[in-house]
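[1] Here is my input; please provide its structure:
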Amino acid sequence: MRFVLPVNGPLDVGATLARYHVWGDDPANRVGDGIFRRVLRLDGRLWLWEARWRGPVDDVRLDVTVPGARSSRVEDAVRAEVEKIFGLGFDLEGFYRFAKSDRMLAGLVVPLHGMRPTLAPNGLEMIVGSITAQQVNLAFAFACRARLVTRYGTPVAVDGDSVYAFPDAAALAASRVSELRAMKFSTRKAEYIRDLGRAVVDGALDVDAFTAATNDVVVDRITGLRGLGRWTAEWYLARCLGRGDVCPAGDLGVRRAFERYDGRGRALSEDAVRRRARAWGPYRNLAVHYLLAGLRLGLPAGTAG
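    Numbering: from 1, shown residues only. Next comes the predicted model:
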């Protein structure tokens, strides 16, 4: 199966997919030689899909192939994953018009032109990633997550390498704390991951059932689980559901970005960050991702036009 996805607005593929390799290896999301590869789990089967891109930043086309697939059900599921991975649902052009008049964002529009936030294709993968990243640096978190994926995921061979299907809930539910501890997870994080898998398997939690829920409902539902707080819930809203009106103000990196680009040379409290972000309305999610990218790349603060 092969299909082409047009992109509405600019797409800088390199900047968008940097998340999958800049902090370390991601066995479930492979980027290299102009190809992105991932494995879809659907109806008990595994489907490797590949995306290639062509054209300039302002006119990109994504060529997607799914070897061996023929059904529209597989195509629809792969399309949904591609759209999330490449952040195709975000209104970049509207954001850029808005950002050019904001003193914190104006200087980031040109150097980051076409960068889109990537979204986790499913809720389980997003929440496991959030648990992994709690209170540790991202390089360490990526290393732990890679060990988990290669231990409990399913490899699919391609071109002398392997792409892993992210572990399903049953595999995580059956995991042992001692195994996860050997992967450098803390005891509590190991328990949180195992218990998350069990909650999904038992039907106590459907991590992909929040599409139509309000932000407050999602936060309440996720924070009701052991080990999951508002930080995890807000990143779920931002990086899984792609909600535009979300700012994970409790995130240390977000607060550092505000400190750098607010231009006042002082740290801001979580409440102050939330108040400042309200001015961005439906562009809060995009603004946060641009500030974080600017901070990582050392981009200077700009001046509103």
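[2] dump the residue contacts of residue 118.
    16, 17, 19, 20, 84, 85, 86, 87, 239 (Cβ atoms under 8 Å, 6 or more residues apart in numbering). From N, CA and C alone the C-beta is placed, and that goes for glycine too.
[3] now with 7 Å?
    16, 17, 19, 85, 87 (Cβ atoms under 7 Å, 6 or more residues apart in numbering).
[4] Could you do residue 266 as well?
    residue 259.
[5] Give the helix, strand or coil label for it.
    coil (DSSP: H, G, I helix; E, B strand; the rest coil).
[6] how close does it sit to residue 300?
    To residue 300, residue 266 is 18 Å away according to Cβ to Cβ, to the nearest Å.
[7] same thing with residue 5?
    Where residue 300 is concerned, residue 5 sits at a distance of 34 Å (Cβ to Cβ).
[8] if you count what's nearby, which of these two comes out ahead?
    residue 5 (17 against 11; other Cβ atoms under 10 Å).
[9] Surely that one forms part of a strand?
    Yes - under three-state DSSP, residue 5 falls within a strand.
[10] List the buried residues in the one helix or strand residue 192 maps to.
    Applying DSSP states H and E as the criterion places residue 192 in helix 187-201. By 16 or more other Cβ atoms under 10 Å, the buried positions in helix 187-201 come out as 189-201.
[11] For this protein, which segments count as strands?
    2-6, 30-32, 35-42, 45-54, 61-65, 154-158, 161-165 (DSSP state E).
[12] Looking at those, spot the one closest to residue 276.
    Minimum separation from residue 276 across these (Cβ to Cβ) falls at strand 30-32, 33.3 Å.
[13] How about residues contacting the closest one?
    By Cβ under 7 Å, 6+ apart, the list of residues contacting strand 30-32 reads 17, 20, 21, 36, 37, 163.
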